[in-house]
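*Asks:* Quick one, fold the following:
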Amino acid sequence: MPLLSTTSVVTALRAAGCVFAEDEAELILTTARTPDEAAAMVARRVAGLPLELVLGWAEFAGLRITVEPGVFVPRRRTEFLVEQALATVPGASVVVDLCCGSGAVGAALAASLDGAELHAADIDPAAVRCARRNIAPRGGHAHEGDLFEALPARLRGHIDILAANVPYVPSGEVPLLPSEARDHEPLVALDGGTDGLDVLRRVVAEAPGWLAPGGHLFVEMSERQTPLALDALRRSGLTARVVVSEEMYAHVVTGTRP
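*Replies:* Got it, this is the predicted structure:
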């Protein structure tokens, strides 16, 4: 097959409604290893497959994170959670990425923490397989199971950074999500129950027993859910606060074990 021109790829992507057609064309053409692969990637993108799944990777915190069909794609706004964790606990020695999805948060934390012990956990087997590929090169361990049940018991009381990127979309709003999330990502990674806080409450209830003294829990929330999230953390005995990035439209709730 002849080489695809950038112009022809941009034209095809723009006709399919891709707003950033030029940028996407460059990513596809530089990722594809052969002309046939490039053509197949363009066809999948034109058919509506999310760009990250077409490429097989997503950029996150300066890293290329492997993503696969059926696995939650890391959001750029979640980089703010990583930034806050590193700024708050720069010397963390034990890190857990709970509800890890692709393992992007754990991989990003490990990349900046020299020698930290990293564990990631998710209830979805596909997510665990994907996370393992992303964190194993950094010495991380991926575990399958329901929240803390997946973790080695020896971590109890020793976690310095507990990053929990829990699902927080209220059940009734899942159908309103963009099709790239609604049609291509697992419901378990999106649906947070009636008010979006079901999984958060379960995490917060157990977090104090798993955190080291002075350890920190970091959770991403929406602006309107933040007051309820803060209340849940305080009720569990954690010192709670919220940090906001207007630029990234990100709200991170932090709970600290006294």
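*Asks:* where along the stretch 51-200 of the chain do the helices fall?
*Replies:* 51-55, 79-88, 104-112, 125-135, 179-182, 198-210 (DSSP state H, counting those that start in this stretch).
*Asks:* if I look at residue 227, how far off is residue 251?
*Replies:* According to C-beta to C-beta, to the nearest Å, residue 227 stands 11 Å off from residue 251. C-beta coordinates here come from the backbone N, C-alpha and C atoms, glycine included.
*Asks:* When these two are compared, which one has more neighbours?
*Replies:* Taking residue 227 and residue 251 together and counting by other C-beta atoms under 10 Å, residue 251 has the greater number of neighbours (21 against 12).
*Asks:* what's the helix or strand for that one?
*Replies:* Element membership of residue 251, judged by DSSP states H and E, is strand 250-256.
*Asks:* Give me the mean pLDDT for that strand.
*Replies:* The average of the pLDDT scores along strand 250-256 is 97.
*Asks:* can I get the CA coordinates of stretch 53-67 in PDB?
*Replies:* Extracted C-alpha coordinates of stretch 53-67, given in PDB (Å, rounded to 0.1, in the frame of the first residue of the first chain):
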ATOM      1  CA  LEU A  53      -7.400   3.100  21.800                       C
ATOM      2  CA  VAL A  54      -6.400   3.600  18.100                       C
ATOM      3  CA  LEU A  55      -2.900   4.400  19.100                       C
ATOM      4  CA  GLY A  56      -2.600   1.900  21.900                       C
ATOM      5  CA  TRP A  57      -1.300   4.400  24.300                       C
ATOM      6  CA  ALA A  58      -2.300   7.600  26.100                       C
ATOM      7  CA  GLU A  59       0.000  10.500  27.200                       C
ATOM      8  CA  PHE A  60      -0.100  11.000  30.900                       C
ATOM      9  CA  ALA A  61       2.300  13.000  33.100                       C
ATOM     10  CA  GLY A  62       4.900  12.900  30.400                       C
ATOM     11  CA  LEU A  63       4.600   9.100  30.000                       C
ATOM     12  CA  ARG A  64       3.200   6.800  27.300                       C
ATOM     13  CA  ILE A  65       0.700   4.700  29.100                       C
ATOM     14  CA  THR A  66      -0.400   1.500  27.400                       C
ATOM     15  CA  VAL A  67      -4.200   1.300  27.000                       C
END
